[in-house]
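Chemist: Structural data only, the sequence is not supplied:
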């Protein structure tokens with residue numbers, strides 16, 4: 001498999017800024033059918049990320065997203081192989097990676113993007129697991 005992150009990532013990333021409200025970000029997610037919004041500074045550098053699960057905490061909609069965003073943004077370069085993205089997501093139990101070039105956001109990739117590879121049969125397993133007593137057929 002020689003698919004790069006740039007081949008699979010969403011290239012038009014919708015971002016927000018720290019002073020925007022929770023309601024503002026929620027509307028962005030609903031309107032665009034997305035589940036993560038990177039929070040950026042004026043130079044389009046990632047400061048944090050807000051996901052749909054962050055919005056479910058029952059906070060007031062007028063609260064700035066700076067009070068709820070996840071300050072650690074997992075970033076990955078666009079030229080990396082998608083297997084690296086999958087490893088980072090799995091290791092850190094996350095569903096989104098911000099794709100950057102020279103500290104600026106150029107894309108975003110989600111676990112659903114990786115699942116799309118399997119759905120489209122663009123991924124083949126080199127060493128499939130052997131059927132045994134622990135495997136289930138679906």
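Modeler: Cool, got the structure. Worth saying up front: this structure is predicted, and the values here are computed from it rather than measured. Numbering: from 1, shown residues only.

Chemist: Please make it C-alpha for all contacts and neighbour counts, starting now.
Modeler: OK.

Chemist: the strands in this structure, which residues?
Modeler: Counting by DSSP state E, the chain has strands at residues 36-40, 46-51, 75-77, 96-101, 104-110.

Chemist: The third one pairs with which strands?
Modeler: Going back to what we said before, that points to strand 75-77. Using DSSP bridges, strand 75-77 pairs in its sheet with strand 96-101 (parallel).

Chemist: If the residue positioned nearest the centre of the chain is in a bridge, with which residues?
Modeler: Residue closest to the average C-alpha location in the chain (Cα atoms, centre = their mean): residue 96, at 1.7 Å. Beta bridges link residue 96 to residue 110 when assigned by DSSP bridges.

Chemist: quick one: pLDDT of it?
Modeler: Residue 96 carries a pLDDT value of 95.

Chemist: And the helices in this protein, which stretches?
Modeler: 5-8, 22-32, 82-92, 111-119 (DSSP state H).

Chemist: closest to residue 46 out of those?
Modeler: With distances scored as Cα to Cα, the stretch of the helices of the chain nearest to residue 46 is helix 22-32 (15.4 Å).

Chemist: What are the buried residues along the closest one?
Modeler: Buried positions in helix 22-32, judged by neighbour count with 16 or more other Cα atoms under 10 Å: 22, 23, 25, 26, 28, 29.

Chemist: how much space between the first one and residue 50?
Modeler: When Cα to Cα, to the nearest Å is the yardstick, residue 22 and residue 50 sit 9 Å from each other.

Chemist: shared neighbours of these two, anything?
Modeler: Common contacts of residue 22 and residue 50 (Cα atoms under 8 Å, 6 or more residues apart in numbering): residue 65.

Chemist: Run a quick neighbour tally on residue 49.
Modeler: Counted with other Cα atoms under 10 Å, the neighbours of residue 49 add up to 26.
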